[in-house]
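*Asks:* fold the following, please.
(2 chains)
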Amino acid sequence: MFNYIVSQLVNGVTLGGMYALIALGYTLVYGILLMINFAHSEMFMSGGYIGLGVLNLLSNKAVQAAVVARLPFLAFLQSARTFFTGSTIGMILMLLIVFGISAVLTGCLGMLTERFAYRPLRNAPRLCPLISALGISIFLQNAALLWIDNSIPFPSLLPTRDFGFGITPIRIFIIVTSLILLFVLDRFVSTTRIGKAMRATSQDQDAAGLMGIDINSVIALTFFIGPALGAVAGIFSGMYYGVVTYNMGFFPGIKSFTAAVLGGIGNLRGAMLGGFMLGIIEALASGFISSGYKDVIAFVILIIVLIFRPGGLLGESVVEKV
Amino acid sequence: MSETSTATTHLVEAKSATIAFGGLRAVDSVDLHIDAGEIVALIGPNGAGKTTFFNLLTGIYTPTEGEVLFDGRSVSGVKPHVIAARGISRTFQNIRLFKAMTSLENVMIGRHVRTKSGPFGATFRTPAFRREEAQIQADAERWLEFVGLSQFANEIASSLPYGAQRRLEIARALATEPKLICLDEPAAGMNNKESAELNQLIFRIRDELGITVLLIEHDMKVVMNLAERIYVLDFGKLIAQGTPGEIQANPAVIEAYLGKGADAIVRERAEAQAAAETDASRGSTPPNASANDDLLESDGIIMTPPNAQAKEDA
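*Replies:* Alright, predicted model coming up:
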């Protein structure tokens, strides 16, 4: 029994790490623009696709052959393959490259959507960027479906062993990496000059501008960081479930948005807390009640929290000014 | 008074600056100038367009007609953060501090525009980055000390007493190292002692730091003590300018503040019209009639009635 509880907890923390990474994207954007970026779940999906693409380019013989046939200058990848797949150092390096490129490209995708889909609507009623975000979401899903594939298997990169209590290398990897990223982001926002500029912008955009902060670049940076973290979660998801699909962002997106609200939307630590809480609640609910009920339980908890703390767990209770 | 301006450029110069929101001309063909080292006040009844003028000057709005020059360069269409870098800083009528940050952090934000280390330095905490961080913090502490808020450095801004919040806003604005600081009702809600301290602070900003001050203020005691020159706006138009003494004696200003009985306006308008019809030359009208005439007819642009002023000077 104890064994079972612990293994469910480990599973929950793993899910929670992913949710927390995605939830940060929602909460960062909401904090600065007061807008819910519905396209964020597609950043998660794009991250998974791009990560898999890079991975295949580095390690998959058939893919390399097909690519080199068209782009001969990439032939060096074929000779690098044995290094990446053959040694431990090669594997680690390959993972770093996969995560790095995917995060940067997805971050750029996020900045592009901001530039072309949201910035023109900066002063429009708040519903407009929301609808624009839904449009981007639908567009990206269908682009992935039509131009790439609806689902592609994701090779398991880490050895499959169980250290007991359901602790596997992939879970350790996800938990440790997400904790490191969350810590780095928290430090970045709370101590650096640019982090301060982000906080100032979220607290008062006009005043921040008048103090010499370039609002547009702060917003662009926000739209880089959020999707980059989402992309990392997307690759985690691919590695964890062994597949990427064009609509893989839907449920994690909703869950992570819930996690952001649970923790107090706009609050970074709240998003982290909410992510882990939701992951653990879900894992315990599916372990002890029924996996069919896990979402019901998770959302019931959300409703209960919002009844007693409408601003979320760490959010400020906003007093409506009259 | 620097009325006889030579070819030297003014620090701020508005040339028939106008901004219209739909049909409302919130600032209407305003011409004014401020020279380096002056303390100038912008006064007028509520809704006269004073804050809107600040917004034109600091880049939040772009004039629909005319232009505003700062240091000889137009600020029309220039982004607020660029204007801040050129040397204009401001405070707000309704205090707009970064509420969830400490006083020190608020002032450090003001240093943002004068610092440059990028994300690379921040991520890897390079020595240059750490030196700059330490410098920013030292500067911020110095500004807090200047406005007398050192003891509140690590308090959250929203928890400060009201008067201290106003001074913190000034410290944050000073931290951007401006050439011009625009204070929007700095004495609002202050008691006599606090506003006396504020007076001292504003004089020190000009005398010790050499920063030009433009202020909007309703507290006439503060304005008359501080300002060397005053511009008066009413319904977006400049209705008077001059020294505190001139402004206090100016009938147009008194009217703008106190209003007129409706019947008096109708009667005077009729009289003025009659006067305009009968008198071909305006110069020959008796002083009193001329003053009224100016009030009603000339759309209120620079309205110190010449005769009244001549009388006062003599």
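
*Asks:* which helix runs longest in the chain?
*Replies:* Picked chain A for this. The residue-count maximum for a helix in chain A (DSSP state H) belongs to helix A:2-33.

*Asks:* let me rephrase: I mean chain B.
*Replies:* Max-length helix for chain B by DSSP H is helix B:127-146.

*Asks:* what helices or strands is that helix leaning on?
*Replies:* helix B:103-110, helix B:119-124, helix B:162-175 (3 or more Cβ pairs under 8 Å, 6 or more residues apart in numbering or on different chains; DSSP states H and E). To be clear about C-beta, it is placed using only N, CA and C from the backbone, and glycine gets the same treatment.

*Asks:* residues of it that come out buried?
*Replies:* B:129, B:132, B:133, B:136, B:137, B:139, B:140, B:143, B:144, B:146 (16 or more other Cβ atoms under 10 Å in any protein chain shown).

*Asks:* tell me which residue of chain A lies closest to chain B.
*Replies:* residue A:212 (2.5 Å; Cβ to the nearest Cβ).

*Asks:* ok, and that residue, which helix or strand is that part of?
*Replies:* Counting by DSSP states H and E, no helix or strand carries residue A:212.

*Asks:* hey, where'd the strands end up in chain B?
*Replies:* B:12-21, B:24-34, B:39-43, B:65-70, B:73-74, B:88-90, B:180-184, B:212-216, B:229-234, B:237-242 (DSSP state E).

*Asks:* those into JSON lines, with extra columns for distance to chain A and mean pLDDT?
*Replies:* Formatted as JSON lines, those follow (distance: least, Cβ to the nearest Cβ, whole Å; pLDDT from 0 to 100):
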{"stretch": "strand B:12-21", "distance to chain A": "14", "mean pLDDT": "89"}
{"stretch": "strand B:24-34", "distance to chain A": "17", "mean pLDDT": "89"}
{"stretch": "strand B:39-43", "distance to chain A": "17", "mean pLDDT": "92"}
{"stretch": "strand B:65-70", "distance to chain A": "14", "mean pLDDT": "90"}
{"stretch": "strand B:73-74", "distance to chain A": "17", "mean pLDDT": "89"}
{"stretch": "strand B:88-90", "distance to chain A": "6", "mean pLDDT": "91"}
{"stretch": "strand B:180-184", "distance to chain A": "9", "mean pLDDT": "93"}
{"stretch": "strand B:212-216", "distance to chain A": "14", "mean pLDDT": "93"}
{"stretch": "strand B:229-234", "distance to chain A": "21", "mean pLDDT": "90"}
{"stretch": "strand B:237-242", "distance to chain A": "24", "mean pLDDT": "88"}
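
*Asks:* list the contacts of residue A:48.
*Replies:* Residue A:48 makes contact with A:154, A:231, A:234, A:235, A:237, A:238, A:244, A:248 under the criterion Cβ atoms under 8 Å, 6 or more residues apart in numbering or on different chains.

*Asks:* can you count the residues close to residue A:301?
*Replies:* Each residue near residue A:301 was counted by other Cβ atoms under 10 Å in any protein chain shown, and the total is 17.

*Asks:* report the contact partners of the closest residue to it other than its chain neighbours.
*Replies:* Spatial nearest neighbour of residue A:301, excluding adjacent residues (Cβ to Cβ, 6 or more residues apart in numbering or on different chains): residue A:281 at 5.6 Å. Taking Cβ under 8 Å, 6+ apart as the contact definition, residue A:281 lies against A:12, A:297, A:298, A:301.

*Asks:* in helices, which of these fall?
*Replies:* Going by DSSP H, the helices hold A:12, A:297, A:298, A:301 from the contacts of residue A:281.

*Asks:* okay, now the residue of chain A closest to chain B: neighbour count?
*Replies:* Neighbours of residue A:212 (other Cβ under 10 Å): 26.

*Asks:* any idea how far it is from residue A:159?
*Replies:* 52 Å (Cβ to Cβ, to the nearest Å).

*Asks:* circling back to that earlier point, dump the residue contacts of the residue of chain A closest to chain B.
*Replies:* Residue A:212 makes contact with B:81, B:84, B:85, B:110, B:112, B:113, B:114, B:176, according to Cβ under 8 Å, 6+ apart.

*Asks:* redo the residues you listed as TSV? Include distance to chain A.
*Replies:* Below are the contacts of residue A:212 laid out as TSV (distance: Cβ to the nearest Cβ, whole Å):
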residue	distance to chain A
B:81	5
B:84	4
B:85	6
B:110	5
B:112	5
B:113	3
B:114	8
B:176	6
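
*Asks:* helices along the stretch 151-300 of chain A, start to end?
*Replies:* A:169-191, A:193-203, A:205-210, A:215-241, A:250-263, A:268-288, A:294-308 (DSSP state H, counting those that start in this stretch).

*Asks:* for residue A:147, find the nearest of these.
*Replies:* In terms of Cβ to Cβ, the element of those nearest to residue A:147 is helix A:215-241, at 17.1 Å.

*Asks:* what angle do the closest one and helix A:268-288 make?
*Replies:* 20 degrees (axes from the mean of the first three to the mean of the last three Cα atoms, to 10 degrees).

*Asks:* what pLDDT, on average, does helix A:215-241 get?
*Replies:* Averaging pLDDT along helix A:215-241 gives 93.

*Asks:* show the pLDDT at residue B:186.
*Replies:* 89.

*Asks:* what comes into contact with the longest helix of chain B?
*Replies:* A:193, B:103-104, B:107-108, B:110-111, B:115-117, B:121-122, B:150, B:152-153, B:168, B:171-172, B:174-175, B:204.

*Asks:* what packs against the helix or strand bottoming out on mean pLDDT in chain A?
*Replies:* Sorting the helices and strands of chain A by mean pLDDT, DSSP states H and E puts helix A:76-86 at the bottom, at a mean of 79. Helices and strands touching helix A:76-86, by 3+ Cβ pairs under 8 Å, 6+ apart, are helix A:40-59, helix A:61-70, helix A:88-113.

*Asks:* try it again with 6 Å
*Replies:* helix A:40-59, helix A:88-113 (3 or more Cβ pairs under 6 Å, 6 or more residues apart in numbering or on different chains; DSSP states H and E).

*Asks:* and the angle from the longest helix of chain B to helix A:169-191?
*Replies:* 40 degrees.

*Asks:* state the distance from the residue lying closest to residue A:169 once chain neighbours are set aside to residue B:147.
*Replies:* With Cβ to Cβ, 6+ apart as the criterion, residue A:169 has its nearest non-adjacent residue at 4.2 Å, and that residue is residue A:158. Distance of residue A:158 to residue B:147, given as Cβ to Cβ: 57 Å.

*Asks:* of these two, which one has the most company?
*Replies:* Set residue A:158 next to residue B:147 and count neighbours by other Cβ under 10 Å: residue B:147 wins out with 24 against 15.

*Asks:* returning to that earlier point: not counting sequence-adjacent ones, nearest residue to the residue of chain A closest to chain B?
*Replies:* Per Cβ to Cβ, 6+ apart, closest to residue A:212 is residue B:113, 2.5 Å.

*Asks:* before we move on, back to that, deepest of the helices and strands packed on helix B:127-146, which one?
*Replies:* helix B:103-110 (a mean of 27; mean count of other Cβ atoms under 10 Å in any protein chain shown).

*Asks:* quick check: which ranges of the chain have low pLDDT?
*Replies:* No chain specified, so I'll use chain A. A:316-322 (pLDDT under 70).

*Asks:* sorry, I should have been clearer: chain B.
*Replies:* B:1-8, B:116-125, B:259-267, B:269, B:278-314.

*Asks:* got the residues of the stretch 101-250 of chain A near chain B?
*Replies:* Taking Cβ under 6 Å from any Cβ of the partner chain as the criterion, the stretch 101-250 of chain A approaches chain B at residues A:192, A:194, A:196-197, A:200, A:203-204, A:207, A:209-214.
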